[in-house]
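Novice: the following block contains a protein sequence and its predicted model.
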Amino acid sequence: MKKLFLCEIWFLLFALSACGREKKAEEPAATFREELLFGEETENTGSFGIPIRIYHSDGSGEYLCVSMARTEEITPEILFLNLSFYQMVPDTMDVRSFGQKKREDKGLLLTLDLPKEFENYISKLDEQKEALVLGSVVNTFLDAYAGQAILLTVEGEALTTEHNAYSEALERYPYQEASYQVVAKELSEGGIEISYPQITGLSDESIEQNWNEIISGHARKAFEDAEEGSSLTVSYTIKTMNDQLLSILIEGDYLAPGGAYPSGFRYTYNIDMRSGESVRLVHYRDVDQLARELLEGDGYTVEGELGEEFQERLAILYGDAGQLADVLRGFDYGENRETPSGFSYQENGRTHLCIEVPHALGDWVDVMLDGMS
């Protein structure tokens, strides 16, 4: 049977060398589920939980950074529990009340009333640490509840410390997504224009070097393999960048010599920044359940005008959810060096699938899955 997710886009989608550091072939994909980023499969629901972004101080105590965790539900108490893991608040922190109010043209206002214990705790901190604690609470709650601002009170009164009185609602504090950077490198000659990413400043230099060699190697091979007289444009977009995950979307167009129209393509890199391993769709999604949802037309949005046609094509090509699940199981670069059956990336906590379609329909389609990944 013809696969929906075609991988013979053109020469650029060659077989990868090892993605990430070498890993024993028999090591199960479930390794990633033991990490906070992907969570563990819950015993009762069989899902991987709801992802939440927890803000906290970096190791030097200089700025806010963000990490991912998972939970079966989102409550103020659970958010504070996660904040206590990073020692941003006491582990005995309680919540007196929490509310949400829609404001015209100003977004959602959150209200959080805390016990005197919180004011006593934060009053003992210096001004910099006070800002970090408040930033961690404010940003964590705003992300979890999609709020625009949050009013913090203590037993119904304005939060007051040695340094400030917080009588107004607080908006998002500045933070750093990652402790490393990604810079652009270029390869250019004639009709060939390739921009590719390189990691810099990562604390684990072996992970940085390994992935920089993989990515630059692919760019150089594409540059060298381009036919004389052809046109090739390649660019990249950082979709997620934090100290746990780097998700990069590569996009481009290729026009063969004498060709009438260029062909578009997409592929991705998803890197666990702590282990250096390549992260695949199967590591954080139940692909059997996902296959059923895709065939039923539930749980996703298709960008552009292909929504109804996309589901119809899926139903024709994959009457059996098991066959579609097998294809999804082969998504993304792994350790076996085989060309993937498709690609995914992470953006704002959501999973996107890059799926090839006929050239007349635009060469590829972006499928955004509902719910947080």
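Specialist: Cool, the structure landed.

Novice: please make it C-alpha for all contacts and neighbour counts, starting now.
Specialist: Will do.

Novice: okay, and the helix or strand of this protein with the least pLDDT?
Specialist: helix 307-317 (a mean of 77; mean pLDDT, DSSP states H and E).

Novice: which residues of the chain score low on pLDDT?
Specialist: 1-49, 59, 304-308, 335-337, 360-361, 371-373 (pLDDT under 70).

Novice: what segments of the stretch 101-250 of the chain are strands?
Specialist: Assigned by DSSP state E, counting those that start in this stretch, the stretch 101-250 of the chain shows strands spanning 107-114, 149-154, 157-160, 165-166, 181-189, 192-200, 231-241, 245-255.

Novice: can you list those strands in a markdown table and add distance to Glu338 and mean neighbour count?
Specialist: Formatted as a markdown table, those follow (distance: least, Cα to Cα, whole Å; neighbours: other Cα atoms under 10 Å):
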| stretch | distance to Glu338 | mean neighbour count |
| --- | --- | --- |
| strand 107-114 | 46 | 19 |
| strand 149-154 | 47 | 22 |
| strand 157-160 | 57 | 16 |
| strand 165-166 | 56 | 12 |
| strand 181-189 | 26 | 13 |
| strand 192-200 | 22 | 19 |
| strand 231-241 | 22 | 19 |
| strand 245-255 | 18 | 20 |
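
Novice: these into JSON lines, with extra columns for distance to Thr75?
Specialist: Below are the strands of the stretch 101-250 of the chain laid out as JSON lines (distance: least, Cα to Cα, whole Å):
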{"stretch": "strand 107-114", "distance to Thr75": "12"}
{"stretch": "strand 149-154", "distance to Thr75": "15"}
{"stretch": "strand 157-160", "distance to Thr75": "21"}
{"stretch": "strand 165-166", "distance to Thr75": "23"}
{"stretch": "strand 181-189", "distance to Thr75": "33"}
{"stretch": "strand 192-200", "distance to Thr75": "36"}
{"stretch": "strand 231-241", "distance to Thr75": "25"}
{"stretch": "strand 245-255", "distance to Thr75": "25"}
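
Novice: sorry, back to before: other SSEs contacting the least confident helix or strand of the chain?
Specialist: Counting contacts by 3 or more Cα pairs under 8 Å, 6 or more residues apart in numbering; DSSP states H and E, helix 307-317 is packed against helix 287-296.

Novice: chain center to the helix it packs on, what's the gap?
Specialist: Chain-centre distance of helix 287-296: 21 Å, with Cα atoms, centre = their mean, to the nearest Å.

Novice: quick one: it to helix 307-317, angle?
Specialist: 120 degrees (axes from the mean of the first three to the mean of the last three Cα atoms, to 10 degrees).

Novice: in helix 287-296, which residues are buried?
Specialist: Residues of helix 287-296 classed as buried: Val287, Asp288, Leu290, Ala291, Arg292, Leu294, Leu295 (neighbour count, 16 or more other Cα atoms under 10 Å).

Novice: next secondary structure element downstream of that helix?
Specialist: strand 300-302 (DSSP states H and E).

Novice: what strands flank that following strand, and is each parallel or antiparallel?
Specialist: strand 364-369 (antiparallel) (DSSP bridges).

Novice: what sits up against the partner strand?
Specialist: 264-266, 299-304, 306, 350-358 (Cα atoms under 8 Å, 6 or more residues apart in numbering).

Novice: would you map the helices across the stretch 1-150 of the chain?
Specialist: 76-85, 116-123, 127-145 (DSSP state H, counting those that start in this stretch).

Novice: out of those helices, which comes closest to Gly276?
Specialist: Of all these, it is helix 76-85 that lies closest to Gly276, at 24.0 Å by Cα to Cα.

Novice: centre of the chain to the closest one, how far?
Specialist: Distance, centroid of helix 76-85 to centroid of chain: 22 Å (Cα atoms, centre = their mean).

Novice: one step back: need the helices of the stretch 1-150 of the chain in JSON lines (columns: mean neighbour count and distance to Ile50).
Specialist: Conversion of the helices of the stretch 1-150 of the chain to JSON lines gives the following (neighbours: other Cα atoms under 10 Å; distance: least, Cα to Cα, whole Å):
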{"stretch": "helix 76-85", "mean neighbour count": "18", "distance to Ile50": "12"}
{"stretch": "helix 116-123", "mean neighbour count": "16", "distance to Ile50": "27"}
{"stretch": "helix 127-145", "mean neighbour count": "20", "distance to Ile50": "10"}
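
Novice: including distance to Gly259, could those go into JSON lines?
Specialist: Below are the helices of the stretch 1-150 of the chain laid out as JSON lines (distance: least, Cα to Cα, whole Å):
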{"stretch": "helix 76-85", "distance to Gly259": "55"}
{"stretch": "helix 116-123", "distance to Gly259": "66"}
{"stretch": "helix 127-145", "distance to Gly259": "47"}
